[in-house]
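Visitor: Pasted the sequence and its predicted model underneath.
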Number of protein chains: 4
Amino acid sequence: MSVALQPNPNYTLVLNKLELSEYVKEVFPQADSYQWKVEQLVPGSVAVSMQIEEHHLRPGGTVSGPTMFALADVAAYLVILGHIGKVALAVTTSLNINFLSKPPHGNLMARCDLIKLGKRLAICELHIIGVEDEHIVAQATVTYSIPPRLS
Amino acid sequence: MSVALQPNPNYTLVLNKLELSEYVKEVFPQADSYQWKVEQLVPGSVAVSMQIEEHHLRPGGTVSGPTMFALADVAAYLVILGHIGKVALAVTTSLNINFLSKPPHGNLMARCDLIKLGKRLAICELHIIGVEDEHIVAQATVTYSIPPRLS
Amino acid sequence: MSVALQPNPNYTLVLNKLELSEYVKEVFPQADSYQWKVEQLVPGSVAVSMQIEEHHLRPGGTVSGPTMFALADVAAYLVILGHIGKVALAVTTSLNINFLSKPPHGNLMARCDLIKLGKRLAICELHIIGVEDEHIVAQATVTYSIPPRLS
Amino acid sequence: MSVALQPNPNYTLVLNKLELSEYVKEVFPQADSYQWKVEQLVPGSVAVSMQIEEHHLRPGGTVSGPTMFALADVAAYLVILGHIGKVALAVTTSLNINFLSKPPHGNLMARCDLIKLGKRLAICELHIIGVEDEHIVAQATVTYSIPPRLS
């Protein structure tokens, strides 16, 4: 796999890849039905692969919209929690997705970049690509609301 | 159920509720994993209910994002095909969804209105509400690309 | 003009049409370059007209995108402030607009409905229509961030 | 200026920077009221600066939303026409913009990348940054409809 995420000097991670994966597997609902894996985690960005199984496919072999939605949503959740820590109750407030081309056979990868990390809102943008051919199949922008933290 | 869709005089249906439901059950992939039903169909609008089952829930009992995505997407597909006929290859090109409040227990309903039906693009907007309390839980705008028709 | 806004029993106004208009004219920047007017204000909704002038037009006589953006943005600001009061520092965090058809000659009207009014975020959806023919020319969803209030 | 656009091998330009600028100045309406300039043009991407003047500002010195909308829209138009040629009638069908932070004093720059260039739809994503501090102030996704070409 040739993902090469560039660290963004404006951001600082507070969890490492293993801590983040274990925490999100524990608290995130899609953990059961979608087989995702954090491939890379650098300040500002994450790469998350999703293993595509029979039940994610439409007839003809393309990946369904809800499956791509789930990949976009979990990638955003991962990159945000990597930078704010174990705040399970961060919730998606909006998701805008553009479907660009028919997904290839095989697994998918989301490359997700933080573009804003405020106290109350975090926003990231991401591309979903085919793992094998690196062709972009969807683009999304995701906004999460971050609950007030006790301090 | 107290949905009361208003017919829009700018639109004309070409399929009735039964024809539409049967066709979409046949060609739409989510038919297997999501239990949706066309509750009403009038010129310009559709109301589609979705039966929420255990595997659509997050811990705590709220409906997952991908499930609401799937409801929005199928409602848009239904209202568009109701007006253009059996054009299976209409595909979602973008979907923008805002999550407004925690979904209630119980089934969901999408009320979906066409706002544009062009030769190449169709756009609709929709609200997802709880069937029991009619509280709005999500708002979405969905764009479909319509393939060129042979004529 | 035949706008007929329905009051939404879930919302309560805290400013009347005159108070709202005067306050926004005072604090909102576009007041100088766009001639807008609150036509109706009911709980949950506002109707705002905009007088289209020569410099808002593209060649051919259609209204420019930035002009429609400005109308959508001010309508959202108006409906939100009508319900939260004189909170000048509410700021737009996102705006999603779909251009549906070529605007007609003549003035435009935005009909804008609140769909969420939280402590931190307010979301509304709106249609921009031609005042004369009531044809819909654009649809938008606008999110504002509401600053924490001293209390 | 330190923009460093990377050429994308999937795209091929059909106009050079000068041809593109002259054509768009001629046909694009905002040419009169906004002072934009193509800074770089490479396959797949464009960088466009906008000179901010007094009438683009809100009180307090921030750039108005409609001004950022106009910059996003013209940058998208430029990158698309750079790859399809003198097709004046390409029109914006949707624009989704997130405002991330208060714009700095000084001029703005949009870096805009094509993510899809189909026969009927083109989609690009862009960042608006402050020219001086390179801080990102807004992110947008823009869809254009391309008219059928005679051939």
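Guide: Nice, thanks for sending it over. Numbering: from 1, shown residues only, chains lettered A, B, ... in the order given.
Visitor: what helix or strand does the closest residue to residue A:133 other than its chain neighbours sit in?
Guide: With Cβ to Cβ, 6 or more residues apart in numbering or on different chains as the criterion, residue A:133 has its nearest non-adjacent residue at 5.6 Å, and that residue is residue A:104. Any C-beta I mention is one placed from the backbone N, CA and C, and that applies to glycine too. Per DSSP states H and E: residue A:104 is located in neither a helix nor a strand.
Visitor: didn't residue A:104 look like it was pressed against residue A:137?
Guide: Yes: counting by Cβ atoms under 8 Å, residue A:104 does reach residue A:137; the two are 7.4 Å apart.
Visitor: any common contacting residues for these two?
Guide: Shared contacts of residue A:104 and residue A:137 (Cβ atoms under 8 Å, 6 or more residues apart in numbering or on different chains): residue A:130.
Visitor: picking up where we left off before, quick one: residues contacting the residue nearest to residue A:133.
Guide: A:130, A:132-133, A:135, A:137.
Visitor: Please pick the buried ones from those residues.
Guide: A:130, A:137 (16 or more other Cβ atoms under 10 Å in any protein chain shown).
Visitor: Now for the one residue in chain A that gets nearest to chain C, how many residues are close by?
Guide: Closest to chain C within chain A is residue A:120: 5.7 Å, counting by Cβ to the nearest Cβ. Residue A:120 has 14 neighbours, counted by other Cβ atoms under 10 Å in any protein chain shown.
Visitor: For residue D:68, see how far away it is.
Guide: Computed as Cβ to Cβ, to the nearest Å, the residue A:120 to residue D:68 distance reads 21 Å.
Visitor: Am I right that residue A:27 is in contact with residue A:89?
Guide: No: if you go by Cβ under 8 Å, residue A:27 and residue A:89 don't touch, sitting 9.1 Å apart.
Visitor: As a check, name the ranges of all helices in chain A.
Guide: Using DSSP state H, the helices of chain A run over A:17-27, A:65-84.
Visitor: Using TSV, lay out those together with distance to chain D and mean neighbour count.
Guide: Formatted as TSV, the helices of chain A follow (distance: least, Cβ to the nearest Cβ, whole Å; neighbours: other Cβ atoms under 10 Å in any protein chain shown):
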stretch	distance to chain D	mean neighbour count
helix A:17-27	24	16
helix A:65-84	13	26
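Visitor: and these as TSV, adding distance to chain B and mean pLDDT?
Guide: Listed next are those as TSV, based on distance: least, Cβ to the nearest Cβ, whole Å; pLDDT from 0 to 100:
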stretch	distance to chain B	mean pLDDT
helix A:17-27	8	93
helix A:65-84	4	94
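Visitor: can you list those in TSV and add distance to residue C:125?
Guide: Output for these, formatted as TSV (distance: least, Cβ to Cβ, whole Å):
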stretch	distance to residue C:125
helix A:17-27	32
helix A:65-84	21
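Visitor: Show me what counts as buried in stretch A:130-148.
Guide: Applying 16+ other Cβ under 10 Å to stretch A:130-148 flags A:130-131, A:136-146 as buried.
Visitor: taking the residues you listed one by one, which sit in strands?
Guide: A:130, A:136-145 (DSSP state E).
Visitor: Do you know the pLDDT at residue A:63?
Guide: pLDDT recorded at residue A:63 is 82.
Visitor: Can you report how many residues neighbour it?
Guide: Count around residue A:63 with other Cβ under 10 Å applied: 24.
Visitor: Bridge partners for it, pull those for me.
Guide: On the basis of DSSP bridges, residue A:63 takes part in beta bridges with residue A:57.
Visitor: one step back: from the contacts of residue A:104, pick the one nearest chain D.
Guide: residue A:135 (8.9 Å).
Visitor: Contact partners for the closest one?
Guide: By Cβ under 8 Å, 6+ apart, residue A:135 lies in contact with A:101, A:104, A:129.
Visitor: Enumerate the residues of chain A near chain C.
Guide: With Cβ under 8 Å from any Cβ of the partner chain as the criterion, chain A meets chain C at residues A:93-94, A:96, A:120-121, A:143, A:145.
Visitor: Next one: the residue positioned nearest the centre of chain A from residue A:90, what distance?
Guide: Nearest residue to the geometric centre of chain A (Cα atoms, centre = their mean): residue A:75, 1.0 Å. As judged by Cβ to Cβ, residue A:75 and residue A:90 stand 13 Å apart.
Visitor: now swap in residue A:64 and tell me
Guide: Distance from residue A:64 to residue A:90, by Cβ to Cβ: 25 Å.
Visitor: and those two? which has more neighbours close in?
Guide: residue A:64 (21 against 16).
Visitor: May I have stretch A:34-47 as PDB, with CA atoms only?
Guide: Taking Å, rounded to 0.1, in the frame of the first residue of the first chain, the C-alpha atoms of stretch A:34-47 are listed here in PDB:
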ATOM      1  CA  TYR A  34     -17.600  -3.100   9.100                       C
ATOM      2  CA  GLN A  35     -14.100  -4.400   9.100                       C
ATOM      3  CA  TRP A  36     -12.000  -1.200   9.200                       C
ATOM      4  CA  LYS A  37      -8.300  -0.800  10.100                       C
ATOM      5  CA  VAL A  38      -6.200   2.300  10.900                       C
ATOM      6  CA  GLU A  39      -3.400   2.000   8.400                       C
ATOM      7  CA  GLN A  40      -1.600   5.200   9.200                       C
ATOM      8  CA  LEU A  41      -2.000   8.000  11.700                       C
ATOM      9  CA  VAL A  42       0.000  11.200  11.600                       C
ATOM     10  CA  PRO A  43      -0.700  14.700  13.000                       C
ATOM     11  CA  GLY A  44      -3.700  16.000  11.100                       C
ATOM     12  CA  SER A  45      -4.500  12.900   9.000                       C
ATOM     13  CA  VAL A  46      -5.500   9.200   9.100                       C
ATOM     14  CA  ALA A  47      -5.700   6.500   6.500                       C
END
